[in-house]
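In: sequence unknown, structure follows:
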C-alpha cells in the first residue's frame with residue numbers, strides 16, 4: 001500500500017493502456033454508426049424509422065442496465081474482472097453482423113454490444129478515476145472519452161468508406177474482429193486492477209457517504225441529480241444523431257461516403273474536443289461547463305432543422321460535437337467530486353444507467369415522431385428538451401464545485 005500513489009504522472013503506463021483499451025471499446029460502437037440503417041433498408045426491407053431505430057433502443061436499455069450492475073459489482077468482484085467479462089460478450093458481435101440473415105440477428109448483436117459497452121467502458125472509467133486522484137479527474141475523463149469517441153468516429157468513417165467501395169457486408173465488420181481480439185488480449189494480460197488505489201484515496205477523503213446512493217444520484221442531491229438528468233438528455237441527442245442523421249442525409253440526396261463524413265465528424269469533434277474540455281473541467285466551474293455545453297447543443301439542434309448543404313451539416317455537426325465534448329468528461333468528474341471513494345463506482349453506474357437510457361428513450365421518441373410527423377419535428381423536440389435540461393443545470397446546481405467548497409472549508 002505504501003508504494004501506491006495517485007496521479008496521472010505516477011500511473012501513466014496503466015492509464016495509457018486503459019486509454020487504448022477504451023479506444024477498442026469505442027470502435028465496437030463505430031462498426032454500426034454509419035451503415036446499419038442502410039443494411040436495414042437495402043438488405044432486410046425495413047422502411048419505418050421506428051423499426052430501424054429498434055437496434056438503438058435495445059442497445060441503450062441493455063447498456064444502461066449493464067452500467068448499473070458494473071457500478072454495483074465493481075467493488076465486490078474487481079474492475080479488471082468486469083472489463084475482461086465485457087470483452088467476452090464482444091466475441092460473437094462482428095460475426096453476427098457479418099452473417100445476419102434477418103433483423104433479429106442485428107437486435108441480438110446489439111444486446112451483446114450493450115453488455116460489452118456497459119461492463120467494459122464503465123470499468124475503464126472507474127479505473128482511470130481511481131488512478132488519477134482528485135486533482136486531474138476532468139483531464140483523465142477527457143482522455144478516456146476522447147479515446148472512446150474518437151475511435152467511434154474513425155471506425156464509423158472507415159466502415160462508411162469500405163461500404164461505399166466494397167458493399168455493406170462483410171468487409172466493414174472485419175474491423176470488429178480485430179478490435180475484439182486486441183481488446184480482450186490487452187484486458188487479460190496488460191491491465192491491472194485498481195482496488196489498492198481506491199483504498200489509498202479512502203484514507204484522505206473527507207466526503208460523506210451517500211445515504212441512498214440510487215436516489216441521491218438520480219435526483220435528490222442537487223449536483224448529482226442535475227448531472228444525471230443532463231446525461232439522459234445528452235444521450236437523447238446522441239441516440240437521435242445515431243439513428244436519424246443517416247436517414248435525414250440520405251433523404252436529402254447525400255451518398256454513403258458523405259453520410260460517413262458527417263456521422264463521423266460529430267463524434268470526432270466530440271472525442272478530440274475532450275482533450276481540451278476535460279482539462280477545462282479541472283480549471284473552470286463545472287456548472288458553467290455543463291450549462292454552456294447543453295445550451296450549445298440545444299441551439300445547434302434547432303438550427304439543424306433548416307440545414308440543406310454539406311457545409312451546413314459539417315459546421316453544425318462540429319458544433320454539436322463541441323457542445324457534447326464540454327459536458328461529457330465534466331459529467332463524470334462532477335460525479336467523482338461529489339461522492340466518497342466507496343460510493344463512486346456505484347454512483348457512476350447509476351448515472352450511466354440514466355444517461356444511456358437516453359439512447360433508448362431518444363430512439364423511441366424520435367422514431368415515432370419521425371414516422372408520424374417528420375424527422376425535422378423529431379429533431380426540434382430534442383432541441384427543446386435539451387434547452388430545458390440546460391435550464392435545470394443553471395437553476396439547480398450549486399455554483400461552486402465540490403473542490404471549491406473543500407478549499408473554502410480549509411481556509412475557514
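Out: Okay, I see it. No experiment lies behind these values; they were computed from the predicted model shown.
In: Can you pull out the low-pLDDT segments for this structure?
Out: Residue ranges of the chain with pLDDT under 70: 1-2, 48, 203-205, 399-412.
In: what's the lengthiest helix in it packed up against?
Out: Ranked by number of residues, the top helix in the chain under DSSP state H is helix 341-372. When contacts are defined as 3 or more CB pairs under 8 Å, 6 or more residues apart in numbering; DSSP states H and E, helix 341-372 packs onto helix 49-52, helix 54-77, helix 103-132, helix 195-202, helix 213-215, helix 222-251, helix 310-337, helix 375-396. (Each C-beta comes from the backbone N, C-alpha and C, glycine too.)
In: at 6 Å what do you get?
Out: helix 49-52, helix 54-77, helix 195-202, helix 213-215, helix 222-251, helix 310-337, helix 375-396 (3 or more CB pairs under 6 Å, 6 or more residues apart in numbering; DSSP states H and E).
In: now the angle between helix 195-202 and that helix, please.
Out: Put simply, helix 341-372 runs at 110 degrees to helix 195-202, going by axes from the mean of the first three to the mean of the last three CA atoms, to 10 degrees.
In: quick one on the thing from earlier: same list (the helices and strands packed on helix 341-372) but as CSV, adding distance to residue 352 and mean neighbour count.
Out: Shown next, in CSV, are the helices and strands packed on helix 341-372 (distance: least, CB to CB, whole Å; neighbours: other CB atoms under 10 Å):
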stretch, distance to residue 352, mean neighbour count
helix 49-52, 25, 20
helix 54-77, 4, 22
helix 195-202, 18, 18
helix 213-215, 13, 17
helix 222-251, 8, 24
helix 310-337, 9, 24
helix 375-396, 17, 19
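In: so how far is stretch 210-219 off the chain centroid?
Out: 22 Å (CA atoms, centre = their mean, to the nearest Å).
In: Contacts for that stretch next, please.
Out: For stretch 210-219, the external contacting residues (CB atoms under 6 Å, 6 or more residues apart in numbering) are 224-225, 228, 343, 346-347, 350-351.
In: That stretch: which residues count as buried?
Out: Neighbour-count burial for stretch 210-219 flags 210, 213-214, 216-218 (criterion: 16 or more other CB atoms under 10 Å).
In: and residue 23, what helix or strand is that in?
Out: Assigned by DSSP states H and E, residue 23 belongs to helix 12-33.
In: Give me the residues contacting that helix.
Out: 90, 120-121, 124, 127-128, 131, 143-144, 147-149, 151-152, 155-156, 159, 176, 179, 182-183, 186-187, 190, 192, 263.
In: before we move on, back to that, list the buried residues in the longest helix of the chain.
Out: 341-367, 369-371.
In: Equivalent analysis for stretch 276-296, please.
Out: Buried, per 16+ other CB under 10 Å, within stretch 276-296: 276-282, 285-296.
In: What is the burial count for residue 178?
Out: 12 (other CB atoms under 10 Å).
In: State the distance from it to residue 37.
Out: Here residue 178 is placed at a distance of 24 Å from residue 37 (CB to CB, to the nearest Å).
In: Now do residue 392 against residue 275, distance only.
Out: Taking CB to CB, one finds residue 392 at 28 Å from residue 275.
In: Quick check, residue 359 in contact with residue 241.
Out: No: the criterion here is CB atoms under 6 Å, and residue 359 misses it with residue 241 at 10.6 Å.
In: so what's residue 110 up against?
Out: Contacts of residue 110 by CB under 6 Å, 6+ apart are 55, 58-59.
In: can I get these in TSV with distance to residue 307?
Out: Shown next, in TSV, are these (distance: CB to CB, whole Å):
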residue	distance to residue 307
55	25
58	29
59	26
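In: Surely residue 389 is in contact with residue 234?
Out: No: using CB under 6 Å as the test, residue 389 is too far from residue 234 to be in contact (7.7 Å).
In: show me what contacts residue 78?
Out: residue 193.
In: Residue 123 versus that one, what's the distance?
Out: Remark: distance between residue 78 and residue 123 (CB to CB) = 9 Å.
In: Over to residue 30?
Out: Using CB to CB, residue 30 is found at 19 Å from residue 123.
In: Look at these two and report which has more neighbours.
Out: Counted by other CB under 10 Å, residue 30 and residue 123 do not tie: residue 123 has more neighbours, with 32 against 28.
In: tell me which element the closest residue to the more buried one other than its chain neighbours is part of?
Out: Nearest residue to residue 123, sequence neighbours excluded (CB to CB, 6 or more residues apart in numbering): residue 83, at 3.9 Å. Using DSSP H and E, residue 83 sits in helix 79-90.
In: May I see the buried residues of the helix or strand that comes right after that helix?
Out: Going down the chain from helix 79-90, the next helix or strand is helix 93-99, by DSSP H and E. Under the neighbour-count criterion of 16+ other CB under 10 Å, helix 93-99 has 93-94, 96-98 buried.
In: who does helix 93-99 touch, helix- and strand-wise?
Out: Identification of packing neighbours for helix 93-99 by 3+ CB pairs under 6 Å, 6+ apart yields helix 103-132.
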